[in-house]
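# Below are the sequence and a predicted model; questions follow.
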Amino acid sequence: MKNMPIVAGNWKMHKTIEEGISFVGEIQNRILDTVEAKVIFCPPFTALYPIVDAMGQHPFGVGAQNVHHESHGAFTGEISIDMLKSAGVDYVIIGHSERRHVFGETDGWINKKIHAVIESGLIPLFCIGETLEDRQSGQTSAVLKAQIELGLSGLSEINPDQFIVAYEPVWAIGTGETASVEQIETAHKDVKGILASLFEANGAHIPILYGGSVNADNAKSLIQAEGVDGFLIGGASLKIESFCHIIETVAAHY
Ligand code: PGA
């Protein structure tokens, strides 16, 4: 039997606490009890605990958008894993393209975060993806391989129920330009092969999400792409109508 598909909403730097609570409450009222999809909300740090607290028992997952790998210390502006755990967080996005390209996060840092998050029992949502330049120069496969091998370096095993990969071509994020089904299928096949070569059957069972300008109109064709286990969604996760529609589309495919 297939695993339940995953729909994760990365709100980035959007929504106050009040807006976040009201948004999650509305989605919960409309669909969450009934759909066959694992829905994960990734609000900004400030809204994490208030959302968990306001919702009580909830069927959705809550994810942070970043974390520091050290447990504590003089790291102004950073948030630790224990802080996230005490806020009721289950997932952490690691290595998002904006962290890599806007904030200069390296594969080395990402690797430290992956180790720390796995050890803590939280679930990493590990993002990889090529730039337009990488794709145009035929480097997509090599770039994905390097990101995976460097990001996961030093891990001898992996639990596919406790790890998620998101393939997000940088040129498709927030641009309105989605990768084609063929490009997605090729990349997901590559990623699965790399994970399998590192972790054998467990690697091959890690869910691989697609992200990059997923919206209510293209969700149906993209979820049918071979090897796509769900989506990581930015812009379209901020509006009730589009996010509900995508969740329902993904769940219907299950
Ligand atoms: P987008 O963002 O859906 O707005 O392209 C995706 C992401 O950054 O995860």
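Yes, it's here.
# Any residues of the protein in contact with the ligand? List them.
With Cβ under 6 Å from any ligand atom as the criterion, the chain comes near the ligand at residues 10, 168, 173-174, 211-214, 232-236. The C-beta positions use only the backbone N, C-alpha and C, and glycine is treated the same way.
# quick one: residue 155 from residue 71, how far?
Residue 155 sits 19 Å away from residue 71, going by Cβ to Cβ, to the nearest Å.
# ok, back up a step: which of the residues of the chain next to the ligand are buried? Put it as a ChimeraX command.
One line in ChimeraX is enough to select the buried ones among the residues of the chain next to the ligand; burial here means 16 or more other Cβ atoms under 10 Å:
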select :10,168,173,211,212,213,214,232,233,234,235,236
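# residue contacts, the residue in the stretch 101-250 of the chain that the ligand sits nearest to?
Proximity of the stretch 101-250 of the chain to the ligand (Cβ to the nearest ligand atom) peaks at residue 234, 2.4 Å away. By Cβ atoms under 8 Å, 6 or more residues apart in numbering, the contact set of residue 234 is 9, 10, 11, 12, 173, 174, 211.
# Mind telling me what element the closest residue to residue 122 other than its chain neighbours is part of?
In space, and not counting its chain neighbours, residue 122 is closest to residue 92: 5.4 Å by Cβ to Cβ, 6 or more residues apart in numbering. In the assignment (DSSP states H and E), residue 92 maps to strand 91-94.
# Report the mean per-residue pLDDT for that strand.
Computed over strand 91-94, the mean pLDDT rounds to 98.
# Report pLDDT for residue 33.
69.
# closest point of the stretch 1-150 of the chain to the ligand, which residue?
At 4.3 Å from the ligand, residue 10 is the closest residue in the stretch 1-150 of the chain, using Cβ to the nearest ligand atom.
# just the strands in the protein please.
All strands of the chain, identified by DSSP state E, fall at 6-10, 38-42, 61-64, 91-94, 123-128, 164-167, 208-211, 230-233.
# Dump the C-alpha coordinates for the fifth one into PDB.
Read that as strand 123-128. Taking Å, rounded to 0.1, in the frame of the first residue of the first chain, the C-alpha atoms of strand 123-128 are listed here in PDB:
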ATOM      1  CA  ILE A 123      11.700  14.900  11.200                       C
ATOM      2  CA  PRO A 124      13.800  16.800   8.700                       C
ATOM      3  CA  LEU A 125      12.300  18.000   5.500                       C
ATOM      4  CA  PHE A 126      15.500  18.200   3.500                       C
ATOM      5  CA  CYS A 127      15.400  20.500   0.400                       C
ATOM      6  CA  ILE A 128      17.500  20.100  -2.600                       C
END
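# And it, what does it pack against?
The contact analysis (3 or more Cβ pairs under 8 Å, 6 or more residues apart in numbering; DSSP states H and E) places strand 123-128 against strand 91-94, helix 107-120, helix 140-151, strand 164-167.
# So in that sheet, which strands flank the first one, and in what orientation?
What it means is strand 91-94. If you go by DSSP bridges, strand 91-94 pairs up with strand 61-64 (parallel), strand 123-128 (parallel).
# gap between residue 108 and residue 38?
30 Å.
# okay, those two: which has more neighbours?
Taking residue 108 and residue 38 together and counting by other Cβ atoms under 10 Å, residue 38 has the greater number of neighbours (22 against 11).
# which ones are touching the more buried one?
4, 5, 6, 7, 60, 61, 230.
# what's the answer for residue 188, then?
167, 208, 210, 225, 226, 227, 228 are the contacts of residue 188 under Cβ under 8 Å, 6+ apart.
# Tell me the pLDDT of it.
Residue 188 is given a pLDDT of 98.
# and what of the one 5 residues further on?
Here the pLDDT value assigned to residue 193 is 98.
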